[in-house]
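> take a look and give me a structure for this.
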Amino acid sequence: MSRAAKLTLAATSLSAIGIVIFVHHAQQAEKAAMHAGVIRDFEQQRLKKERQLDFDMQQALEREYRKIQTVSDGGGANSQETQSR
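Reported below is the predicted structural model:
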(Lines give C-alpha, C1' and ligand atoms only; values in the text may rest on other atoms or scores of the structure.)
Protein backbone atom coordinates (compact mmCIF):
# COMPACT_ATOMS: atom_id res chain seq x y z
CA MET A 1 0.00 0.00 0.00
CA SER A 2 1.24 3.43 -0.76
CA ARG A 3 1.84 6.03 1.87
CA ALA A 4 -1.04 8.21 0.56
CA ALA A 5 -3.43 5.27 0.75
CA LYS A 6 -2.38 4.51 4.35
CA LEU A 7 -2.88 8.16 5.35
CA THR A 8 -6.28 8.27 3.65
CA LEU A 9 -7.34 5.04 5.37
CA ALA A 10 -6.15 6.33 8.75
CA ALA A 11 -7.86 9.70 8.27
CA THR A 12 -11.19 8.19 7.23
CA SER A 13 -11.04 5.62 10.03
CA LEU A 14 -10.32 8.28 12.66
CA SER A 15 -13.06 10.48 11.21
CA ALA A 16 -15.57 7.63 11.34
CA ILE A 17 -14.63 6.78 14.93
CA GLY A 18 -14.86 10.46 15.90
CA ILE A 19 -18.31 10.77 14.32
CA VAL A 20 -19.56 7.63 16.09
CA ILE A 21 -18.29 8.91 19.45
CA PHE A 22 -19.82 12.36 18.86
CA VAL A 23 -23.21 10.88 17.90
CA HIS A 24 -23.13 8.57 20.93
CA HIS A 25 -22.50 11.48 23.31
CA ALA A 26 -25.16 13.59 21.59
CA GLN A 27 -27.70 10.79 22.01
CA GLN A 28 -26.81 10.39 25.67
CA ALA A 29 -27.21 14.14 26.26
CA GLU A 30 -30.56 14.16 24.45
CA LYS A 31 -31.76 11.18 26.48
CA ALA A 32 -30.76 12.92 29.73
CA ALA A 33 -32.54 16.12 28.65
CA MET A 34 -35.70 14.19 27.81
CA HIS A 35 -35.59 12.40 31.16
CA ALA A 36 -35.19 15.74 32.95
CA GLY A 37 -38.27 16.98 31.08
CA VAL A 38 -40.29 14.00 32.29
CA ILE A 39 -39.15 14.59 35.87
CA ARG A 40 -40.06 18.30 35.56
CA ASP A 41 -43.52 17.36 34.20
CA PHE A 42 -44.16 15.01 37.11
CA GLU A 43 -43.16 17.75 39.55
CA GLN A 44 -45.47 20.25 37.85
CA GLN A 45 -48.35 17.76 37.99
CA ARG A 46 -47.68 17.15 41.67
CA LEU A 47 -47.67 20.88 42.40
CA LYS A 48 -50.86 21.38 40.41
CA LYS A 49 -52.63 18.63 42.37
CA GLU A 50 -51.35 20.06 45.65
CA ARG A 51 -52.53 23.57 44.75
CA GLN A 52 -55.91 22.23 43.63
CA LEU A 53 -56.32 20.42 46.95
CA ASP A 54 -55.44 23.62 48.81
CA PHE A 55 -57.92 25.57 46.69
CA ASP A 56 -60.66 23.00 47.33
CA MET A 57 -59.94 23.12 51.05
CA GLN A 58 -60.15 26.91 51.02
CA GLN A 59 -63.47 26.78 49.17
CA ALA A 60 -64.84 24.32 51.73
CA LEU A 61 -63.69 26.58 54.56
CA GLU A 62 -65.28 29.59 52.88
CA ARG A 63 -68.60 27.77 52.51
CA GLU A 64 -68.39 26.72 56.15
CA TYR A 65 -67.66 30.27 57.31
CA ARG A 66 -70.43 31.73 55.15
CA LYS A 67 -72.90 29.41 56.90
CA ILE A 68 -71.75 30.65 60.29
CA GLN A 69 -71.38 34.39 59.67
CA THR A 70 -72.92 36.95 57.36
CA VAL A 71 -70.58 38.38 54.76
CA SER A 72 -71.07 41.71 53.04
CA ASP A 73 -69.22 42.81 49.92
CA GLY A 74 -69.52 46.46 50.96
CA GLY A 75 -71.58 47.34 47.90
CA GLY A 76 -74.93 47.87 49.68
CA ALA A 77 -77.15 50.97 49.40
CA ASN A 78 -75.96 52.43 52.72
CA SER A 79 -72.32 52.37 51.72
CA GLN A 80 -73.07 54.16 48.41
CA GLU A 81 -74.96 56.96 50.18
CA THR A 82 -72.13 57.43 52.62
CA GLN A 83 -69.58 57.66 49.80
CA SER A 84 -71.56 60.28 47.85
CA ARG A 85 -71.76 62.67 50.84
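
> name the helix or strand for residue 7, please.
Counting by DSSP states H and E, the element that carries residue 7 is helix 3-68.

> off-centre distance for that helix?
10 Å (CA atoms, centre = their mean, to the nearest Å).

> could you give me the average pLDDT of that helix?
For helix 3-68, mean pLDDT is 96.

> for it, name the packing helices and strands.
Here helix 3-68 touches no other helix or strand, going by 3 or more CB pairs under 8 Å, 6 or more residues apart in numbering; DSSP states H and E. Every C-beta, even on glycine, is put in place using the N, C-alpha and C of the backbone.

> how close does residue 24 get to residue 18?
Distance, residue 24 to residue 18, by CB to CB, to the nearest Å: 11 Å.

> scratch that, residue 8
As for residue 8, its distance to residue 18 is 16 Å (criterion: CB to CB).

> try residue 61
Where residue 18 is concerned, residue 61 sits at a distance of 64 Å (CB to CB).

> what's the answer for residue 41, then?
Using CB to CB, residue 41 is found at 35 Å from residue 18.
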